[in-house]
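> the amino acid sequence is not available; the structure is as follows:
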């Protein structure tokens, strides 16, 4: 999925090849590292566009992003 988004962006160079890896299995997330080569002037545009496209693609595929949750139990007995 991420690789397809990278291939579809004409600003990203094909060579050297993109690097995609799981960097961490954290408490409330799975963290990815995505590194691509492009012109330095395109960096921020690619960064924000790719982040948004990954999120929307995950949503479309039913992949949810975990978030920290806290349960609070109230004891009314005195």
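Nice, I can see it. Keep in mind that what you see is a predicted model, and the values were worked out from it rather than measured.

> as a quick check, tell me the outermost residue of the protein.
What lies farthest from the middle of the chain is residue 78; by Cα atoms, centre = their mean that is 47.6 Å.

> show me what contacts that residue?
Counting by Cβ atoms under 8 Å, 6 or more residues apart in numbering, residue 78 touches no other residue. Where you see a C-beta, it was placed from the backbone N, CA and C, and this is true even at glycine.

> how about the secondary structure of residue 32?
strand (DSSP: H, G, I helix; E, B strand; the rest coil).

> on the strand side of things, show who it bridges to.
With DSSP bridges as the criterion, residue 32 is bridged to residue 22.

> list the buried ones in the lowest-mean-pLDDT helix or strand in the chain?
Sorting the helices and strands of the chain by mean pLDDT, DSSP states H and E puts strand 30-35 at the bottom, at a mean of 93. Buried residues in strand 30-35, counted by 16 or more other Cβ atoms under 10 Å: residue 34.

> packing partners for the helix or strand following that strand?
The helix or strand immediately downstream of strand 30-35 is helix 43-60, counting by DSSP states H and E. Other helices and strands packing on helix 43-60, by 3 or more Cβ pairs under 8 Å, 6 or more residues apart in numbering; DSSP states H and E, are helix 2-8.

> now do the helix it packs on: distance to the chain's middle.
Averaging C-alpha positions (Cα atoms, centre = their mean, to the nearest Å) puts helix 2-8 12 Å from its chain's average.
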